[in-house]
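Asks: Any chance you could fold what I've pasted below:
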Amino acid sequence: MTKNRNQLAAFIDGANLHSAAKSLGFEIDFRRLLLDCQGRGRLLRAFYYTAVADEAAPIHALIDWLDYNGFAVVTKPSKEFTDTAGRRKVKRSMAVELAVDALEIAAHVDHVMLFSGDGDFSPLVAALQRKSVRVSVVSTALTQPPMVADELRRQADEFIELHFLADGLRREPASGKPIA
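Replies: This is a model prediction of the structure:
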């Protein structure tokens with residue numbers, strides 16, 4: 001199958017985007033984020049990735065809303081383990097799932113927006129570029145320390161500073177409506 005021009009897919013590392021927005025002092029309105037992506041091309045799919053600690057986690061309201069409002073939501077349970085120093089740690093990475101999905105959809109899109117600053121995604125960005133997919137990374141370099149890894153920012157075709165999108169993506173204060 002050949003690519004159609006302006007086909008776009010969005011890949012959202014939920015924990016990473018949440019941390020970046022929080023560090024900039026705002027919360028994401030995911031309806032606005034979806035509209036922003038749709039304004040950049042024909043949005044084929046918007047994926048949201050997050051690990052979930054338990055069934056009672058507050059994230060479930062957001063996951064349900066995203067799933068009902070056009071996002072392909074990918075979750076898995078977080079895993080607890082004890083490191084070699086005896087400290088309890090929680091593993092929440094969704095990087096492999098995101099990378100696999102991005103590579104699978106690459107033949108159908110010509111642009112991927114990656115909402116993450118995780119440097120582990122640099123090889124994924126390079127692989128997508130070898131498949132003639134343009135990659136935009138959305139994160140922030142304006143915090144101390146920066147939330148985007150330098151190697152990811154350099155590998156991307158375009159770096160979009162989250163701070164400059166804040167006014168368009170900012171979630172309004174709660175008014176009894178769902179988290180959206």
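Asks: Poorly predicted segments of the chain, please.
Replies: The chain contains residues with pLDDT under 70 at 1-4, 55-57, 79, 81, 89-92, 174-180.
Asks: quick one, helices of the protein?
Replies: 14-23, 30-38, 59-68, 95-105, 122-130, 150-155, 162-169 (DSSP state H).
Asks: Let me have these in a markdown table, extended by distance to Arg45 and mean neighbour count.
Replies: Bear in mind the C-beta positions are built from the backbone N, C-alpha and C, glycine included. A markdown table is the format used below for the helices of the chain (distance: least, Cβ to Cβ, whole Å; neighbours: other Cβ atoms under 10 Å):
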| stretch | distance to Arg45 | mean neighbour count |
| --- | --- | --- |
| helix 14-23 | 15 | 20 |
| helix 30-38 | 10 | 18 |
| helix 59-68 | 12 | 16 |
| helix 95-105 | 7 | 16 |
| helix 122-130 | 15 | 18 |
| helix 150-155 | 21 | 16 |
| helix 162-169 | 19 | 16 |
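Asks: What residues does Cys37 make contact with?
Replies: By Cβ atoms under 8 Å, 6 or more residues apart in numbering, the contact list for Cys37 reads Leu8, Ala10, Leu43, Ala46, Met113.
Asks: ok and the longest strand anywhere in the chain relative to helix 95-105, angle-wise?
Replies: Criterion DSSP state E: the longest strand present in the chain is strand 42-52. On the basis of axes from the mean of the first three to the mean of the last three Cα atoms, to 10 degrees, strand 42-52 is oriented at 160 degrees to helix 95-105.
Asks: Just the buried positions in strand 42-52, please.
Replies: By neighbour count with 16 or more other Cβ atoms under 10 Å, strand 42-52 contains the buried residues Leu43, Arg45, Ala46, Phe47, Tyr48, Tyr49, Thr50, Ala51, Val52.
Asks: Among those residues, which one lies nearest to Thr84?
Replies: Nearest to Thr84 out of those is Ala51 (Cβ to Cβ; 22.0 Å).
Asks: Check the gap between the closest one and Asp101 for me.
Replies: 15 Å (Cβ to Cβ, to the nearest Å).
Asks: re the thing from before, want to throw the contacts of Cys37 into a markdown table with distance to Phe26?
Replies: Putting these into a markdown table (distance: Cβ to Cβ, whole Å) gives the following:
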| residue | distance to Phe26 |
| --- | --- |
| Leu8 | 24 |
| Ala10 | 19 |
| Leu43 | 22 |
| Ala46 | 20 |
| Met113 | 19 |
